[in-house]
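> Sharing a model prediction with you, sequence too.
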Amino acid sequence: MNAFEIILGTLLSGLRSATPLLQVLLGETVTERSGVANLGVEGQMLLGAFAGFAIAATTGSPWAGLLGGFVAGALLSAVHGALCLWTGANMFASGVAVWMLGGGLSAFFGIPFVGRKIDGFVPPDFGAAAHNPLLGPILRAATPGVLVGLCTWVACGLVLYRTRPGLRLRAVGESGESASTLGIRPSRVRWAAILVGGGLSGLGGASLSVDQVRNWIEWMTAGRGLVAVGLVIVARWNPWWALPSALLFGVVESLALRLQTLGVGISPYLLSTLPYLVCLAVLAWGSVRARARGAMPRDLAQVFSSTE
Amino acid sequence: MNRRKLSTFASLAAIALALGGCEKKEEAKPAGGTIGFVYVGPRTDYGYNYAMDQGRLALEKDLGKTTVFFENIPENAEVQRVMERMIAEGVKTVFATSYGYLDPALEVAAKHPDVKFMHGGGFKLAPNLGTFFADIDEVEYLSGMAAGAATKTGKLGFVAAHPIPQTLRNMNAFFRGAKSQNPKVTMNVVWTGSWSDPTKEAEAANTLADQGIDVLTMHVDGPITIAQTAEKRGIMVCGYHADASQFAPKGWVTGAAWNWAPLMEKIVKSIDSGTWKSENLRGNIRDGYVKLASYGPAVPEPVKAKIDSVKKAFEGGAPLWVGPLVAQDGTVKAKAGDTLSREKIESMDFLVQGVVGSVK
Amino acid sequence: MNILLRKRRELSERFRWFEGTLSVAAPALVFLLASSAFFALLGRDPLALIGQILNGAFGSTYGIVETLVKTIPILLCALATAVPARLGLLSVGASGQFYAGAWLGTGMVLVVGGSHLAMPAMFLAACAGGAIWALVPGFLRAQWEVNETLATLLLNYVASLLVDWAVYGPWRDTSNLGWPATISFPESVRLPVLVPGSRLHAGLLLAILLAVGLHILLSRSRWGLELRVLRSNRKLGEGVGMSWKAGAAATMAIGGAVAGLAGILETSCIHGRLQSGIALNYGLTGFLVAWMSGQHMLRIVPISLVMGALLSSGDALQLFAQLPEATAVVLQAILFCSVLATGGLLRRWRSP
């Protein structure tokens, strides 16, 4: 394997590993752009992973599973929305509550589904192309989950920066008051942002359980949702930067495993800390630069620095 | 602190205690006592816990026993609470199926001399606590033979959780079996760091497949994820703990599986007849406590006969751990013709040459 | 709505205890309703289940002792969250600090286990470990405004992996057939047991003393006053010479030390050795308790007891009602949501 193939292989396996994270990252970017932070994405991801798996197992259709994951995530995020926007609870605390709720509910209802078999997406027969050293890995990596993730990425970027709803979203995030003088209703926009964000996190979870892993077990996301919240800051709330940020995490993760297969003698536990440490380091670096350049939506900034 | 709140809380607590006292006990205690099982994970994992649960189901079906079980109990002092509760509810025999339950079980056993405890995998005893387990190494060797014959690229992959002696024994046995059919075969090891982490397992399996490995096997609690991933990548898989062939209909080769029913029934019968004594019960392929899983479509026909003859040799008493055994760093662990002692086997801490991966 | 508001104002003016009781009774009521609805949706009898929970937690000596055993780490982790919260820092890192304290404390035991100074050395090391683990996100927040909630959450995972590395690697007791745990801790580093034959150790008294001590420190001392000033108006505080950054570092360090103490107490007195996964859900539960107590040190004590009851009754539910362990988590989440919702609404409906 020459250097190019190694790099391509690493990027592709990073992409495969990063797709669920990418969905959550995009979802949380949308939510935070409206001025609301939602730490409950981990719970939404878990609930989406369970719902997606359960629906795929019972209906036999992985696409239905992905859709189900989206819906489940959106429903759970509605709890966060109700707590924050209707009762005025603290955003971060509410996020933690939603996290617990999502994790607990998915573990609770997920028990009958442990050990169930789902079919997942059947890869089409690519024929001769599959053996091509360049096309083969790319075609194999382009599973429906990954493709949906890439489409979401493009959609978020375009909608946020080139459409009217995106403009409204950004306006509300900068200043809800000013936006309302323009006839925009901030709470409506925020609700939409929360629900879309929730749906995307659920979709990310479903992508994990239905496409990537094809299995379900409680608490299976292992903190990916939280990493996503950190990466939102790294990506400067810009959906276009979401892909490279998610890829960074995915590549570090699969690199840690790859190093083992190459016989590198570092303890696998220490290697496993790498993704979190890298995320923390980039978060720190990103925080410094984001503050300096004012990339954070201002309404959100008020929430982040004056935690109640 | 607000005095009113204190009194509110106190009255709530009093009500709670009163309610609690009124609670009726619903279950009648069955004669001979219920048998209780504690699992470290879900019993539907088609893996370690599933295999233990099959034993429990056999006790119900064949011996008509009443059983209760607890799943997902971690391997620490938490399990003491669970065991105490079970005993308070009339359980007279406790099967603590995971290794880490040993010390907590010993503590609980000391407090309840009338309850019998059976621990899976340990070596410490008490007047009312015995242990049981089986050697699965020989079956792993057979499974490895099938893998060695089936592989086309000559590369095998082993995904495992933690570097404990049981796992290292499995890895070495599997590899030696494969080598007997294909002397040029290599094996890569990836540690996931967790008995059950499907995401890591899928990633590990994918990473190995990326490098041209075409037969995977594993030592994690549940083989499902790795079997599914192997199937998705179009490569082959040998299972562990239980028969998971339904998850890899095309790529299934064979696997090493537990068969706890005969051993558990033997134990329960000895308790019922009063002949139970506290000892370290062990068995292996000869006693039928472990078995080779069904052959899948990926196994080449000619190797089946060879596996059968080696299996008969093991059943006849031929030793598995016989030299030459050379570790990765070159130290000779056993010279040609020498067998390893039981202590050395049970405390194995090395990987044989030809296996790529660290033991740390 | 206006009638209710007027009634409420009348009652709170007439009775001093009204608002206080309302802030406890309202979420409790909402919680009971919501959890009953949850059970009913599952086709179960809510009253019977609640009865089983109470019975499991308080219905026998064994139950009460086990509830208290669970209360200790929850209480300490709640304190660990509440102290930084005095400055407005939202730390969810108690479980990471728990592991870091357990790790460093175990290291100390492995080095000086035999000597008579082993116990104080172990406690000191554990507090230091927890404090250091909390100071990292504290420093990041003070210096570069890095969101401490995220930083502490990420570090939780790192600390847990650190313990895994230790017990599967260099600190593994090789005489135990590869089971991932350290050697058993000597008796000299275990606290005495309060109820003979049980697992309830003197750490309970230590935890309650800490709660009282921290309460006095934060409400009566000059430093506590400084924190209050900095919290309400950072610029003003800094203008008169106080240092928000030093306050952040100090509160995080104290919180971390307390969580580290929880870690070593569980390791030494309950499990008797360092293993992976011993922090269970204590970090998050502690966060929840701190929140429900309004970050008030003394209120944390009874609320930790309630939470301890909820968690320890989990296996009673498994046994009697065949409900999974996750039920306790769902109930906790419902409780948290009830507290947040009613708290927010009560605040909003104070004035028309």
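Nice, I can see it.

> C-alpha from now on. contacts and neighbour counts both.
Fine.

> Break chain B down into its domains, please.
B:34-134, B:137-257+B:295-356 (automatic domain parsing).

> right, and the ones you listed - which one's nearest residue C:198?
Closest to residue C:198 of these is domain B:34-134 (CA to CA; 10.4 Å).

> The closest one - what's its average pLDDT?
Average pLDDT, domain B:34-134: 90.

> returning to that earlier point: for the domains of chain B, which one sits closest to residue C:302?
So among the domains of chain B, domain B:34-134 is nearest, using CA to CA, at 22.4 Å.

> First-to-last residue distance for the closest one?
For domain B:34-134, the first-to-last residue distance is 25 Å (CA to CA, to the nearest Å).

> That one close to chain C?
Yes. Judged by CA under 8 Å from any CA of the partner chain, domain B:34-134 and chain C are in contact via B:68, B:70, B:72, B:74, B:76, B:77, B:81, B:82, B:85, B:86, B:99, B:100.

> separation between residue B:344 and residue B:333?
Using CA to CA, residue B:344 is found at 9 Å from residue B:333.

> between the two, who's got more neighbours?
Neighbour tally, residue B:344 and residue B:333, criterion other CA atoms under 10 Å in any protein chain shown: the higher count belongs to residue B:333, 19 against 13.

> Got the phi and psi for the more buried one?
Note on residue B:333: its backbone torsions stand at phi -90, psi -20 [degrees, to the nearest 10].

> Likewise for the one 3 residues further on?
Reported as degrees, to the nearest 10, the phi and psi values for residue B:336 are phi -60, psi 130.

> Need the pLDDT of it.
If you check residue B:336, the pLDDT there is 86.

> Could I get the contacting residues of residue A:220?
A:46, B:197, B:198, B:199 (CA atoms under 8 Å, 6 or more residues apart in numbering or on different chains).

> in which helix or strand would I find it?
For residue A:220, there is no helix or strand it lies in under DSSP states H and E.

> What does it show for phi and psi?
Backbone torsions of residue A:220, given as degrees, to the nearest 10, read phi -80, psi -10.

> hey, where'd the strands end up in the stretch 51-200 of chain B?
Secondary structure of the stretch 51-200 of chain B, counting by DSSP state E, counting those that start in this stretch: strands at B:67-70, B:91-96, B:116-120, B:129-134, B:155-160, B:186-191.

> Dump the ones you listed into a markdown table; add mean neighbour count as well.
As requested, the strands of the stretch 51-200 of chain B are arranged in a markdown table below (neighbours: other CA atoms under 10 Å in any protein chain shown):
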| stretch | mean neighbour count |
| --- | --- |
| strand B:67-70 | 18 |
| strand B:91-96 | 24 |
| strand B:116-120 | 26 |
| strand B:129-134 | 22 |
| strand B:155-160 | 26 |
| strand B:186-191 | 24 |
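
> Which one of the domains of chain B lies nearest to residue C:330?
domain B:34-134 (16.1 Å).

> hmm, that closest one touching chain A?
Yes. Residues of domain B:34-134 contacting chain A under CA under 8 Å from any CA: B:42, B:44, B:45, B:46.

> hmm, back to that, closest to residue C:156 out of the residues of domain B:34-134 next to chain C?
residue B:74 (18.9 Å).

> From residue B:99, how far off is the residue nearest to the closest one when sequence neighbours are not counted?
Leaving aside its chain neighbours, residue B:74 sits nearest to residue B:40 (5.6 Å; criterion: CA to CA, 6 or more residues apart in numbering or on different chains). Relative to residue B:99, residue B:40 is positioned 9 Å away (criterion: CA to CA).

> more crowded one of those two?
Neighbour count, other CA under 10 Å: between residue B:40 and residue B:99, residue B:40 has more, with 22 against 18.

> So that one: helix, strand or coil?
Under DSSP: H, G, I helix; E, B strand; the rest coil, the three-state class of residue B:40 is coil.

> again, but for the one 4 residues further on
Secondary structure state of residue B:44, per three-state DSSP, is coil.

> just checking, what packs against the helix or strand where residue C:223 lies?
Using DSSP H and E, the element containing residue C:223 is helix C:222-232. On a contact count with 3 or more CA pairs under 8 Å, 6 or more residues apart in numbering or on different chains; DSSP states H and E, helix C:222-232 meets helix C:203-220, helix C:234-239.

> now with 10 Å?
helix C:203-220, helix C:234-239, helix C:244-265 (3 or more CA pairs under 10 Å, 6 or more residues apart in numbering or on different chains; DSSP states H and E).

> For residue B:149, give me its contacts.
By CA atoms under 10 Å, 6 or more residues apart in numbering or on different chains, residue B:149 lies in contact with B:177-182, B:185, B:298-304.

> Report the separation between residue C:66 and chain A.
Counting by CA to the nearest CA, to the nearest Å, the separation of residue C:66 from chain A is 22 Å.

> any residue of the host helix or strand of that residue up close to chain B?
Element membership of residue C:66, judged by DSSP H and E, is helix C:61-85. Yes. Applying CA under 10 Å from any CA of the partner chain, one finds that helix C:61-85 is in contact with chain B at C:62, C:63, C:66.
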